[in-house]
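# After the sequence you'll find the predicted model.
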Amino acid sequence: MVDPRLLPLVEDSRAFYANRTPGRGPGSLVELRAIRAQLVAPTASQPPPAEELVSVDGRTVALRIHTPADRPPTGVILEIHGGGFYLGSAASSDIRNRALADALGVTVASVDYRLAPEHPWPAAPEDCETAALWLAEHAEDRFGTSKVAIVGFSAGATLAINTLLRLRDQGVSAVDTAVLQFGTYDLSAQTPAGRLIADEYFLEAYAGSVPDRTRPDLSPIYADLKNLPPVLMIVGDRDILLQDNLAMAAGLSADGVDVDLRVYPEAAHGFTGHPTPMAGAALADIGAWLSGYLG
């Protein structure tokens, strides 16, 4: 599954992770609050995004909207940030989203979904659904294009597939493609892949008191995945979520979805946000994929 063109990048990637202490998520609400208290404000992008509250069916969510600096957009990307469902913000993606908007000539709208544990499931998928429905209705009149993609990073990839399923179940087919970067797809700890993260605090924070975590809106590995748009999946072979991503790719393929799974050697969780040539190769692949659908 590894593209031979990536092999020359392995040594640089291996060296980067050899000198990097692996990150660890909070193990309790106390630790989460301590981490939040130490966070610094995200670096601002130039030009800054427009901030807008959008509403659908009585639900309202905030978007940060980046438009290309020098041309009309050819498509719109709904970006869903990561952070274990309990950290992160749309603003934390500003630099990356500004670069994406200018490089591809697209509008990038990042959704500020509510975070756990203050707002457990289904708050986050409801907010992402609201943002997607608003784009499905308004992309043409607001941005001059009806082409829409969804991109998710880590927990955002989980929410991206949840959003696709929610739209499909309402008969909304406005999304042309999705890019899922190293999501987690079994939050129930029932599959072998899910059991690898069974002790992670984010499961308790996000799922709350839900008795059955195999519900597809929580754990999309159990969903009927038919009739979804083409999907690009990105994951590193050193990611603890690798097996989870392999299982999701197999489920998508079995249900007839056009899925392209790409595994990057010597790449850890979150690697597309790290300063390595391997990350550069993955970001170039994502850009080429999105250009093919939105360009």
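Sure, I can see it.

# in the stretch 151-295 of the chain, which spans are helices?
For the stretch 151-295 of the chain, the helices defined by DSSP state H, counting those that start in this stretch occupy 155-169, 192-195, 201-207, 242-254, 277-294.

# for the stretch 1-150 of the chain, that is, sorry about that
Under DSSP H, counting those that start in this stretch, the stretch 1-150 of the chain gives helices at 10-18, 29-38, 94-104, 123-143.

# okay, those helices in JSON lines with mean pLDDT next?
As requested, the helices of the stretch 1-150 of the chain are exported to JSON lines (pLDDT from 0 to 100):
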{"stretch": "helix 10-18", "mean pLDDT": "95"}
{"stretch": "helix 29-38", "mean pLDDT": "95"}
{"stretch": "helix 94-104", "mean pLDDT": "96"}
{"stretch": "helix 123-143", "mean pLDDT": "97"}
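
# Residue 67 is nearest to which of those helices?
With CB to CB as the measure, helix 94-104 is the member of the helices of the stretch 1-150 of the chain nearest residue 67 (6.4 Å). The C-beta positions use only the backbone N, C-alpha and C, and glycine is treated the same way.

# Same question for the closest one: list its buried residues.
Across helix 94-104, burial judged by 16 or more other CB atoms under 10 Å covers 94, 96, 97, 98, 100, 101, 102, 104.

# Low-confidence bits of the stretch 101-250 of the chain, can you list those?
Applying pLDDT under 70 to the stretch 101-250 of the chain flags no residue at all.

# Stretch 144-161 spans what distance, first to last residue?
Using CA to CA, to the nearest Å, the end-to-end distance of stretch 144-161 comes out at 25 Å.

# check contacts around the closest residue to residue 253 other than its chain neighbours.
The spatial neighbour of residue 253 that comes closest, neighbours along the chain excluded (CB to CB, 6 or more residues apart in numbering), is residue 259 at 5.3 Å. Residue 259 makes contacts with 230, 231, 232, 233, 249, 252, 253, as judged by CB atoms under 8 Å, 6 or more residues apart in numbering.
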